[in-house]
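**Student:** the sequence and its predicted three-dimensional model are supplied below.
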Amino acid sequence: DLARILLANILEMREMYRDAIKIYDEIQISSPAYYVAQYKKAENLRNLNDYKGSELLLKSLILDYPNDYQTKLDLGDTLRLQEKYKEALKYYNQVIKDFPKTSKNLWQVYYAAGITYERLGNWKEAEKNLIKALNINPKNLLVLNYLGYTWLNQNKKPEEAFLFIVKAY
């Protein structure tokens, strides 16, 4: 199974996602590599724009592995890409609640939640989450850029928005 995972990784690097999925499907449920294979399969389905397939697979993985933060985060992203914003927030908020507060990667969850709140028209919550992301990772180009341009589009904090955009550039 390790050889299968390595082969599938090579196929993924070549953007041969369907072929990689076929390799992952060869790994049996009894294998210790099964979870990794299924997780990577969901990622490949998302790369193929099969968001529904990825969503279903990630939801089934969460049932079997309810404490896996990355799977919940990926499910939130997959739902967000389908514009299922309220459902995506459910998973982002679970990760925020359960994720170790000392983790430097928590900014990603706040950033994704911020984008999702913004898409729902809830700028107050969006801004709060984006600022939390920035507090964790003050030099993050994605967060600086998103906040800066959103503030400019709303005619808010023009000086700070400009500084954020310049920093991101």
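**Tutor:** That came through fine. Numbering: from 1, shown residues only.

**Student:** residues contacting the residue nearest to E83 when sequence neighbours are not counted?
**Tutor:** Leaving aside its sequence neighbours, E83 sits nearest to R119 (C-beta to C-beta, 6 or more residues apart in numbering; 7.5 Å). Glycine gets a C-beta too; all of them are placed from N, C-alpha and C. Residues counted as contacts of R119 (C-beta atoms under 8 Å, 6 or more residues apart in numbering) are R80, E83, Y85.

**Student:** residue contacts, E160?
**Tutor:** With C-beta under 8 Å, 6+ apart, E160 has these contacts: G148, W151.

**Student:** can you classify it as helix, strand or coil?
**Tutor:** Three-state call for E160 (DSSP: H, G, I helix; E, B strand; the rest coil): helix.

**Student:** ok, which stretches of the protein are helices?
**Tutor:** With helices called from DSSP state H, the chain shows them at 2-13, 17-25, 34-47, 51-64, 69-81, 85-98, 106-119, 123-136, 141-153, 158-168.

**Student:** which secondary structure elements does the second one sit against?
**Tutor:** Helices and strands touching helix 17-25, as assessed by 3 or more C-beta pairs under 8 Å, 6 or more residues apart in numbering; DSSP states H and E, comprise helix 2-13, helix 34-47.

**Student:** so which of those comes closest to N140?
**Tutor:** Ranking those by proximity to N140 (C-beta to C-beta) places helix 34-47 first, at 22.5 Å.

**Student:** out of the helices and strands packed on helix 17-25, which one sits most buried?
**Tutor:** Of these, the one with the most neighbours on average (mean count of other C-beta atoms under 10 Å) is helix 34-47, at a mean of 20.

**Student:** show me the contact partners of that helix.
**Tutor:** Residues from elsewhere that reach helix 34-47, judged by C-beta under 8 Å, 6+ apart: 1, 4-5, 8, 12, 15, 17-18, 20-21, 24-25, 27-28, 31, 51, 53-54, 57-58, 60-61, 64-65, 70-71, 74, 77-78, 81.
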